[in-house]
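>>> Structure for this input, please:
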Amino acid sequence: MRKIAGVLIERLGLIALAAAAATLLHYYSDLSFAASILLGCAFTIIGLWLYALKELAAFKPYRLIFGVNYDALWEDLKLTPAEGPKFENVSLTAINAAIFARSDQRAYSVKLDLYKDIPCGAPTWRTGPGEINDGPTFFLRPARDGYQFGAHVQREWWKAHSLQLDQALRDRQLAYDNTIVLRFLPYGFMHEHTRRWNETASLWYGFDRKQRRWKTRLQQEGWTFDDNYPTHINHRYLSIGYYDL
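Presented below is the predicted three-dimensional model:
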């Protein structure tokens with residue numbers, strides 16, 4: 001609802017700006033009212049274009065480092081641990097407002113997402129009912145109001161395997177695309193909110209109020225944070241760090 005109100009206010013502001021420009025042109029020049037309206041709209045469009053160029057020119061590259069905690073996933077999903085690292089980092093570097101350079105198998109992407117196969121030991125793959133060909137995959141993907149993260153599984157395997165899990169996980173719905181959403185990260189961290197730590201304070205941005213609201217939302221979703229490291233947040237399955245470049 002807040003987003004809809006913001007869009008409406010923005011649209012009404014543009015209409016008011018165009019009307020003001022048309023009125024000034026009409027009263028202080030010999031132009032007809034129709035010509036004043038056309039010129040007013042043209043000036044408004046040019047102003048918006050210049051503002052967009054300013055925002056683009058002001059873009060600062062940044063890097064997000066995602067840490068996937070395989071150890072916690074093994075434990076909660078009752079998967080057999082594999083030999084090797086229990087934690088893996090993946091970095092996404094925003095080289096402009098629309099393209100990320102990645103450190104994983106995908107060199108570049110236009111979407112902020114993450115897919116990593118969860119390494120598991122051989123006993124995880126059993127024959128008979130519930131047999132699977134591919135292991136579960138950890139994912140982070142954009143959704144309606146933020147980022148979902150969880151596991152992509154094979155449906156038949158999950159039906160049998162989930163019976164041994166704790167009820168909180170066992171009762172989670174298996175989506176149509178065979179994904180189990182474990183938790184949620186509200187929009188704001190990537191990267192609009194966190195960057196405010198490194199910018200000059202502004203009277204037009206209620207940082208303290210927004211920060212308190214942001215922390216409350218994080219805690220409701222199971223995230224933790226350390227005030228000494230304000231650009232880092234942690235979850236049982238995932239950690240995220242933000243770095244200016």
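>>> Name the helix or strand of this protein that has the lowest mean pLDDT.
helix 192-195 (a mean of 57; mean pLDDT, DSSP states H and E).
>>> Give the other helices and strands that the helix or strand in which residue 213 is found contacts.
Assessed by DSSP states H and E, residue 213 sits inside helix 207-220. Here helix 207-220 touches strand 179-186, helix 192-195, strand 224-226, going by 3 or more C-beta pairs under 8 Å, 6 or more residues apart in numbering; DSSP states H and E. The way it works is simple: take the backbone N, C-alpha and C, and place the C-beta from them, glycine included.
>>> most tightly surrounded among those?
strand 179-186 (a mean of 19; mean count of other C-beta atoms under 10 Å).
>>> Can you report phi and psi for residue 86?
Main-chain torsions, residue 86, degrees, to the nearest 10: phi -100, psi 0.
>>> Look at it and report its pLDDT.
pLDDT for residue 86: 93.
>>> Give me the secondary structure label for the closest residue to it other than its chain neighbours.
Setting aside the residues directly before and after it, residue 86 is nearest to residue 71 in space (C-beta to C-beta, 6 or more residues apart in numbering), at 4.0 Å. Following DSSP: H, G, I helix; E, B strand; the rest coil, the label given to residue 71 is helix.
>>> Residue 71: how many residues sit nearby?
14 (other C-beta atoms under 10 Å).
>>> who are the neighbours in contact with it?
Neighbour list for residue 71: 81, 86, 87 [criterion: C-beta atoms under 8 Å, 6 or more residues apart in numbering].
>>> so the last one touches residue 67, yeah?
So the one you mean is residue 87. Yes - in this structure residue 87 lies within contact range of residue 67 using C-beta atoms under 8 Å: 5.9 Å.
>>> Phi and psi next, for residue 116.
Taking degrees, to the nearest 10 as the convention, residue 116 sits at phi -140, psi 130.
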